[in-house]
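[1] no sequence on this one, just coordinates:
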C-alpha cells in the first residue's frame, strides 16, 4: 500500500468513526448498522501496515465502543422493563406474611376492538 493510499484510508476511517459517534449520540441505530461493513473493510485495508496516527483511531474506536455498549445496556433495560410491564398486565404476584406467593389474575384481558 502506498503512503497516499494509506493516508486516504486512514482519513476515511477517521471520518467514519466520527459519523458513527454522531449516530450513537443521536440513537440512530440504522445508520450505525450501515456503517459496520464499511468500517470492517477500511480496518482490513489498514491491518498489517504501519500507520502513523493509529493511536488516535484506536481512541476513537474505543470511545465509540463504550457508547455502543451503553446503548446496548439501555436497550436491554427497556426490554426487561417492557417484559415486567407485560407480566403485570396478566397477573400480580403478592406474598403473605409467611412468604408464600399468591397470584391474582389481571382484571382486564387484552382484546382487539374492530371498527368499521
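    Great, that's in hand. Given the structure is predicted, the values throughout are model-derived calculations rather than measurements.
[2] which residues touch residue 95?
    Residues in contact with residue 95 (Cβ atoms under 8 Å, 6 or more residues apart in numbering) are 101, 102. (Each C-beta comes from the backbone N, C-alpha and C, glycine too.)
[3] Quick check on it: phi, psi?
    In terms of degrees, to the nearest 10, the main-chain angles of residue 95 are phi -130, psi 140.
[4] Look up how far residue 11 lies from it.
    From residue 95 across to residue 11, the span is 62 Å (Cβ to Cβ, to the nearest Å).
[5] What ranges does the protein have for its helices?
    Secondary structure of the chain (DSSP state H): helices located at 3-26, 29-46, 54-90.
[6] Now the longest one: buried residues?
    I take that to be helix 54-90. Under the neighbour-count criterion of 16 or more other Cβ atoms under 10 Å, helix 54-90 has 57, 60, 61, 64, 67, 71 buried.
[7] State the distance from the third one to residue 67.
    Translated: residue 61. For residue 61 relative to residue 67 (Cβ to Cβ), the value is 11 Å.
[8] Residue 87: which of the buried residues of helix 54-90 is nearest?
    Closest to residue 87 out of the buried residues of helix 54-90 is residue 71 (25.0 Å), distances taken as Cβ to Cβ.
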